[in-house]
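*Asks:* When you get a sec, could you give me coordinates for this:
(chains A and B)
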Amino acid sequence: MTAYIAALLCMGSVYAIITLGYNLQWGYTGLFNLSIFGLAAAGGYTSVIITGTSAAGRIGGFGLPFIFGLLGAAIVAGIIGGLIGMATLHLEFGFFAIATLGLGMTIQIILKNEQWLGNGVWGIGGISKPFSNIVGNNYANWVYGILAFLIMLLIYFLLERVVKSPWGRIQMAIKEDEHLTEMLGKKIFSYRFQSLVLGSMIIGIGGAVFAHYQGYINPLSYTDIMMCFLPLLMVVAGGSGNNKGSIVGAFVIWGAWSISELVAGYLPIRSCKIPHIRTLVVGIVIISILRWRPTGIIGRKRAVSSSAEKKDLIST
Amino acid sequence: MLGSIVDGIILGSIITLGGLGISYVLLIQNYFNFTGGTFFTLGAYIAFAFLSIIPMGSFPIVSFGPGLILSLILAMIVLAIIMTVVDKVLYSPLRHRNAPFMFFYLTAFGMLFVLRSIIYLIWGPQLKNYVSGVRKTYHLAGGINISPDEIFVVIATVIIVAIVYYFQYYTKLGKGMLATANNGRLAEISGIKNKNVHTTVTIIAGVLTATAGVFYGLAIQLRPIMGFTLLMAMFFAVVCGGHGAILGTFGAGLIIGITQEFGSKILQVIFDSIGVPIEMGGYKQVLAFLLLIIIITTNTQGIFQGTFLER
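*Replies:* Numbers count the residues shown, from 1 in each chain, chains lettered A, B, ... in the order given. This next block holds a predicted model:
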């Protein structure tokens, strides 16, 4: 039981970090980024290569401390997010969505094919958790869970400051009324770009924290279901544009997701079908929320342009 | 080398049909249908399911029989019904309340995973074929290997594109669709029922998507994520062909098909000669993605403006 709580703490924090990053992009600025799995994979692989031990046939073995891994993950994911943003952010909404989806697929294909980068589909194993050699294997998950939770809290407080600042209010204004904001003399492209890069960096950190928790990663650790679809659901469920909601959503939905694995053991279903049933349920939940409860389960009032227009709940 | 151009034309025909399905939805309803690729897979698997009931029979020359044609028609009908129901239940309310575009994309993205998991649950992850056994293949000069089935796919695609073109530009309903796409409110005033147009578009998209899926299964094989891997190529065909232009989509489909098959071979030769260790076989999707990025950063209206392919 305690092992389960430690695992929940680790994975919940991982998803909370990713969801916070995504919430900045989508909830505040309104960017429908579908390359979360690619960015998280880029972050995870970067961190593992920077901190890991060397192995034949692939790059790596720099052996730097964990914190440098996180920094590297943030930088690489930020650069990738920035590149795709420069290409497609000034276009209409749909082009950005398809381009980011393609970016995610591309990163996954590169990781699958390039042996020198991360050993291809065989992946990289033996990734060490920080402090695990000090506290021993019994408590490694606990210590790591607390560390991940602290990283998540740090990002949360940082983001709270950021979104309460004038910068954050402009982001919200862009989402609520693009033309009004442009008339105020704000450069929409540049604000969107900044939000995209900052969010991508946070998602990269999330991917890195995930990699060190798993101890073994391959391209399939970052599938589009686990790393794009679930964070999407977490943001939708927690109410977009709501950092606390994102964290709660991440923990609650990851809890439900992992418990469903235990429950499914008692059902008369072949075990190979269980992941697909879970995806089906999650998909139906997402579509139902959009169809019948478009403001999210918690929802958010129009924050910036509330006095300019009718005071309805802002839509997801 | 010549053989891979032929392969590219076959793949391009399939991409064209799938792209036309997405293109129609984009033209009238103004969103890129992410689910298009997965509907494509679903159509192919529905035909597979019908084929297990219907006896195959046999045609001369080609390896399949009348059973496949019948299954194809049934799959078209079933997929058109499924897509219409999805449109009525999920997208129609969104259109009614003028929801932001985000909702359409998010719903389409959710549907993608719902359909994919349904496909996995019913048919499993194994590869499947409509016709078992070794296929007849003609070996022509210049290293071209082509089977009668593949020739059938290309000819049928040309015929279908011609039919859709005629429907779009020479019938009243087709012209009404163009009018709705151009200015919905004005079209409504002049007596075109928008609701009917939306239903027609969804049905046509369903028919085209199912055909594309079955053709892919016939020419290559059935895989649960076959549509998802072709999604970038289909989007390229849609964007590069010009939104809703039928001949343009055909042209762009052939371009991307030939690029994926022939271009990857050429690049492989170039990379080998300068000593870059890249195996291009795995990067066909990435080629489609790069072309997509190039086209949407340079010319979002497509490259066929001012030519006869504009329509």
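
*Asks:* so how many other residues sit close to A:G78?
*Replies:* A count of nearby residues for A:G78, using other C-beta atoms under 10 Å in any protein chain shown, gives 23. The way it works is simple: take the backbone N, C-alpha and C, and place the C-beta from them, glycine included.

*Asks:* ditto for B:I155
*Replies:* Around B:I155 there are 11 residues (other C-beta under 10 Å).

*Asks:* What strand or helix carries A:R291?
*Replies:* Element membership of A:R291, judged by DSSP states H and E, is helix A:274-292.

*Asks:* Tell me if that helix is near chain B.
*Replies:* Yes: counting by C-beta under 8 Å from any C-beta of the partner chain, chain B is contacted by helix A:274-292 at A:276-277, A:279-280, A:282-284, A:286-287, A:290-291.

*Asks:* quick one: the helices in the chain?
*Replies:* You didn't pick a chain, so chain A it is. Per DSSP state H, chain A carries helices over the ranges A:2-23, A:36-51, A:66-88, A:93-113, A:115-118, A:132-135, A:137-164, A:166-176, A:178-183, A:188-214, A:224, A:230-238, A:243-264, A:274-292.

*Asks:* that answer is for a different chain, and I need it for chain B
*Replies:* B:2-29, B:36-51, B:66-86, B:92-96, B:101-123, B:148-170, B:172-182, B:184-189, B:194-219, B:226-241, B:246-258, B:264-274, B:284-298.

*Asks:* of all of the stretch 201-316 of chain A, which residue lies closest to chain B?
*Replies:* A:G283 (3.6 Å; C-beta to the nearest C-beta).

*Asks:* is it true that that residue touches B:M111?
*Replies:* Yes: between A:G283 and B:M111 there is a contact under C-beta atoms under 8 Å: 7.2 Å.

*Asks:* Buried deepest among the helices of chain B, which one?
*Replies:* helix B:226-241 (a mean of 28; mean count of other C-beta atoms under 10 Å in any protein chain shown).

*Asks:* Have a look at the chain and report the helix or strand with the lowest mean pLDDT.
*Replies:* I'll assume chain A. helix A:132-135 (a mean of 75; mean pLDDT, DSSP states H and E).

*Asks:* actually it's chain B I care about, not the one you picked
*Replies:* For chain B, judged by mean pLDDT, DSSP H and E, that is strand B:138-140, with a mean of 83.

*Asks:* Quick check: residues of the stretch 201-316 of chain A near chain B?
*Replies:* Residues of the stretch 201-316 of chain A lying near chain B (C-beta under 8 Å from any C-beta): A:225, A:229, A:232, A:236, A:273, A:276-277, A:279-280, A:282-284, A:286-287, A:290-291, A:294, A:315-316.

*Asks:* Can you turn the buried part of those into a PyMOL selection?
*Replies:* Of those, the buried ones can be selected in PyMOL as follows, counting by 16 or more other C-beta atoms under 10 Å in any protein chain shown:
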select buried, chain A and resi 225+229+232+236+273+276+277+279+280+282+283+286+287+290+291+294+315+316
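
*Asks:* Got the confidence number for residue 305?
*Replies:* The chain I'm using is chain A. In this model, A:S305 is scored at 54, pLDDT.

*Asks:* I was thinking of chain B, sorry if that wasn't clear
*Replies:* Value listed for B:Q305 in the pLDDT field: 79.

*Asks:* How about the contacts made by it?
*Replies:* By C-beta atoms under 8 Å, 6 or more residues apart in numbering or on different chains, the contact list for B:Q305 reads B:G242.

*Asks:* which residues touch the residue of the stretch 1-150 of chain B found nearest chain A?
*Replies:* Residue nearest to chain A within the stretch 1-150 of chain B: B:V114 (3.6 Å; C-beta to the nearest C-beta). Going by C-beta under 8 Å, 6+ apart, B:V114 touches A:279-280, A:283-284, A:287.

*Asks:* and the residues you listed as TSV, adding pLDDT and distance to A:T51?
*Replies:* TSV is the format used below for those (pLDDT from 0 to 100; distance: C-beta to C-beta, whole Å):
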residue	pLDDT	distance to A:T51
A:T279	86	32
A:L280	89	37
A:G283	87	36
A:I284	89	40
A:I287	86	40
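
*Asks:* Test my guess that B:G263 contacts B:V286.
*Replies:* No: between B:G263 and B:V286 there is no contact under C-beta under 8 Å: 11.3 Å.

*Asks:* residues making contact with the least confident helix or strand of chain A?
*Replies:* Contacts for helix A:132-135 (C-beta under 8 Å, 6+ apart): A:140, A:143-144.

*Asks:* Which of the residues you listed sits closest to chain B?
*Replies:* A:Y144 (30.0 Å).

*Asks:* which residues sit in contact with the closest residue in space to the closest one that isn't next to it in sequence?
*Replies:* The shortest distance from A:Y144 to any non-neighbouring residue, by C-beta to C-beta, 6 or more residues apart in numbering or on different chains, is to A:K129 (4.8 Å). With contacts defined as C-beta under 8 Å, 6+ apart, the neighbours of A:K129 are A:140-141, A:143-144, A:212-213, A:215.

*Asks:* mind redoing it with 6 Å?
*Replies:* A:140, A:144, A:212 (C-beta atoms under 6 Å, 6 or more residues apart in numbering or on different chains).

*Asks:* B:V238 too?
*Replies:* B:19, B:22-23.

*Asks:* can you rerun that using 10 Å?
*Replies:* Shown in contact with B:V238 (C-beta atoms under 10 Å, 6 or more residues apart in numbering or on different chains): A:98, B:15, B:18-27, B:32-33, B:36, B:244-245, B:248-249, B:252-253, B:292, B:302.

*Asks:* Same question for B:T300.
*Replies:* So B:T300 contacts A:91-92, A:94-95, B:239-240, B:242-243 (C-beta under 10 Å, 6+ apart).

*Asks:* Same question for A:W26.
*Replies:* A:19, A:32-33, A:36, A:175, A:195, A:199, A:231-232, A:235-236, A:240-241, A:316, B:102, B:106.

*Asks:* Could you list the contact residues of the stretch 51-200 of chain B toward chain A?
*Replies:* Neighbours of chain A within the stretch 51-200 of chain B, by C-beta under 10 Å from any C-beta of the partner chain: B:86, B:89-91, B:93-94, B:97, B:99-122, B:124-125.

*Asks:* Would you mind measuring from B:D87 to B:L94?
*Replies:* 10 Å (C-beta to C-beta, to the nearest Å).

*Asks:* Which residues are in contact with each of these two?
*Replies:* Counting by C-beta under 10 Å, 6+ apart, the residues touching both B:D87 and B:L94 are B:Q29.

*Asks:* just checking, A:W122 touches A:N218?
*Replies:* Yes: assessed by C-beta atoms under 10 Å, A:W122 is found in contact with A:N218 at 6.6 Å.

*Asks:* ok, these two, which is more surrounded?
*Replies:* A count of neighbours by other C-beta under 10 Å puts A:N218 above the other of A:W122 and A:N218, at 19 against 12.

*Asks:* Not counting sequence-adjacent ones, nearest residue to that one?
*Replies:* Using C-beta to C-beta, 6+ apart, the nearest residue to A:N218 is A:G123, at 2.7 Å.

*Asks:* mind listing what the one you found touches?
*Replies:* A:45, A:48, A:111, A:214, A:216-221.

*Asks:* Pull up the per-residue confidence for it.
*Replies:* 84.

*Asks:* Give the ranges of residues in the stretch 101-250 of chain B that sit below the confidence cut-off.
*Replies:* Within the stretch 101-250 of chain B, not a single segment meets pLDDT under 70.

*Asks:* Done for today, thanks.
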